[in-house]
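Colleague: model this:
(4 chains)
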Protein chains: 4
Amino acid sequence: MAELKTYKDLDDEAARHILRTATTKAREIGSNMNIAVVGADGHLKAFFRMDEAWMGSIDIAIRKAKTSRYFNLPTGEIGSLSQPGGPFYQIEHCNDGLITFPGGVPLKTKGGDVVGAIGVSGDVVEKDHEVAAAGAQYLLDN
Amino acid sequence: MAELKTYKDLDDEAARHILRTATTKAREIGSNMNIAVVGADGHLKAFFRMDEAWMGSIDIAIRKAKTSRYFNLPTGEIGSLSQPGGPFYQIEHCNDGLITFPGGVPLKTKGGDVVGAIGVSGDVVEKDHEVAAAGAQYLLDN
Amino acid sequence: MAELKTYKDLDDEAARHILRTATTKAREIGSNMNIAVVGADGHLKAFFRMDEAWMGSIDIAIRKAKTSRYFNLPTGEIGSLSQPGGPFYQIEHCNDGLITFPGGVPLKTKGGDVVGAIGVSGDVVEKDHEVAAAGAQYLLDN
Amino acid sequence: MAELKTYKDLDDEAARHILRTATTKAREIGSNMNIAVVGADGHLKAFFRMDEAWMGSIDIAIRKAKTSRYFNLPTGEIGSLSQPGGPFYQIEHCNDGLITFPGGVPLKTKGGDVVGAIGVSGDVVEKDHEVAAAGAQYLLDN
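Modeller: Numbering: from 1, shown residues only, chains lettered A, B, ... in the order given. Now for the predicted structure:
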């Protein structure tokens, strides 16, 4: 039989816990966030727009999650490389539009497998990143 | 002072209950569904892709929810009007792509206000509609 | 540790064999084909446009492969359900454009895991399907 | 009879050799790359995503190949002209999205005919360019 690869992916329970953890963090810091989770395949797994969150951030949260999974990097790190003169200048034009400022974080298991990503948008980028990081921490703690 | 409009909208708790009610129904009937909820403004409020749900149905569930809210009708009713020779033939080309087969249902309060819509995709359209209707029923029962 | 799902996916060797098997079949029947393979994640894994193949079929082959993986069905079966009056009428408007006539086939292991899909375009749809099916057969024979 | 133009183009064998040469170079330097080849007409001729290559680089590799063929220049040279204040500032907005950092190289015959381009993405841009250049070298050596 042909040898194939195997990979790990989020399941329903993990996705729900990640979303809940991020939402709880957002409430703690008083931010109304859009929170998106994509699976290992880069496609949307779960999403929640908190009451009063910016309407324009729905799409940003989803793009941050996808951007982070596409390159297995926090979005802010990609953005630091896409500045004028940087090696990835204008990378945002690929994949139907990336978002490369902070708020997207890969979801990794304790063992280091990338099983998806989380994208958060709704406040200043430091807070977006803080909430995304809190969501990503769930898998490392459980 | 200018008199302006007020409107009712889903809040976080209602969105979460609707999503949970629909997911529970999907499990009961043994279907792996993508479930999308849009608010009164027609933009995504909450989304969940159940394990093993069709990858191509992520987008369909979201479009069904939007299509239903755009016209305040179940998607299947729009689809019956968009057949060849029908009054809305090819309406699917507007709004960057509608989905007009069953599985999208407006979310209404007991008082009759439309406060959003739910879109479900992942099985035959009768089951998609059944799960969407179960989600919509939550607001009528509470 | 959080329990997650594991999945199988094509590896380089399997993708290359599938592409070669399909290309060989295309030559045997005298057709110049575009042949696309997507992985379990639904994203492009390998592609080849044979000399003299239709330029417009590059995109069709890729969309057939994606369409087939999105719903884990041969594209022709989806197309038979998307006719006027059918349950999936106008489904082609989702996912940025589906192709629902024959030529896309899921890639399954002997054990029944869907690990991707193959899409073929360049001749009449019966021949497109024949070449796609030959490519998909590789995994069942090895 | 009207005199028309003739032009040279990649054939199946050349495309396959170029792809293989680039893949071999990628393995030598330990990079998991997405590699795209476009023909003289600027449309996709062949593509391969190596195991573990970034999902987001599929689209980048294809855009690098197209960008390079569109202007018959290495993509990095275009990028040096598209910086703020440069003569091609924001050129990335044309053709549905260019990628202008290194990794795309025109494919030329020994006689100097441009017969396509190769685009590579999956590592730092210096390595992307190195692999693309190795692929392009095939035609100059054979």
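
Colleague: for the closest residue to chain B within chain A, helix, strand, or coil?
Modeller: Nearest residue of chain A to chain B (C-beta to the nearest C-beta) works out as A:F47 at 3.9 Å. From N, CA and C alone the C-beta is placed, and that goes for glycine too. What DSSP: H, G, I helix; E, B strand; the rest coil gives for A:F47 is strand.

Colleague: same check, this time on A:G119
Modeller: strand.

Colleague: what's near enough to touch it?
Modeller: With contacts defined as C-beta atoms under 8 Å, 6 or more residues apart in numbering or on different chains, A:G119 is in contact with A:35-38, A:60-68, A:75, A:99, A:103-105, A:132.

Colleague: Inside helices: which ones of those?
Modeller: Cross-referencing the contacts of A:G119 against helices under DSSP state H gives A:60-68, A:75, A:132.

Colleague: Quick check: beta-bridge partners of the residue nearest the centre of chain A?
Modeller: The residue lying closest to the centre of chain A (C-alpha atoms, centre = their mean) is A:I118, at 2.3 Å. Counting by DSSP bridges, A:I118 is bridged to A:V37, A:V105.

Colleague: That one is in contact with A:A134, isn't it?
Modeller: No - checked against C-beta atoms under 8 Å, the pair A:I118 and A:A134 is beyond contact range at 9.2 Å.

Colleague: Common neighbours of these two, please.
Modeller: Common neighbours of A:I118 and A:A134 (C-beta under 8 Å, 6+ apart) are A:A22.

Colleague: From the chain's centroid, how far away is the least confident helix or strand in chain A by mean pLDDT?
Modeller: Here the helix or strand of chain A ranked lowest by mean pLDDT, DSSP states H and E is strand A:5-9, holding a mean of 94. How far strand A:5-9 lies from its chain's middle: 19 Å, per C-alpha atoms, centre = their mean, to the nearest Å.

Colleague: ditto for stretch A:72-83
Modeller: Chain-centre distance of stretch A:72-83: 13 Å, with C-alpha atoms, centre = their mean.

Colleague: Can you give me the neighbour number for A:E92?
Modeller: By other C-beta atoms under 10 Å in any protein chain shown, 18 other residues sit near A:E92.

Colleague: now it, what's its secondary structure?
Modeller: helix.

Colleague: I'd say it and A:F101 touch.
Modeller: No - when contacts are counted by C-beta under 8 Å, A:E92 is not listed as touching A:F101 (10.1 Å).

Colleague: which residue packs closest to A:T21, ignoring adjacent ones?
Modeller: Distances taken as C-beta to C-beta, 6 or more residues apart in numbering or on different chains place A:Y138 nearest to A:T21, at 4.5 Å, with adjacent residues excluded.

Colleague: Quick check: phi and psi on that neighbour?
Modeller: phi -50, psi -50 (degrees, to the nearest 10).

Colleague: Against which helices or strands is the least confident helix or strand of chain A packed?
Modeller: Counting by 3 or more C-beta pairs under 8 Å, 6 or more residues apart in numbering or on different chains; DSSP states H and E, the packing neighbours recorded for strand A:5-9 are strand A:114-121, strand C:5-9.

Colleague: Just checking: what are the partner strands of the last one?
Modeller: Looking back up the chat, that one is strand C:5-9. In the sheet, strand C:5-9 lines up against strand A:5-9 (antiparallel) (DSSP bridges).

Colleague: between the strand it pairs with and strand C:114-121, how many degrees?
Modeller: For strand A:5-9 against strand C:114-121, the angle by axes from the mean of the first three to the mean of the last three C-alpha atoms, to 10 degrees is 110 degrees.

Colleague: And the next helix or strand past strand A:5-9?
Modeller: With elements assigned by DSSP states H and E, the helix or strand that comes after strand A:5-9 is helix A:12-28.
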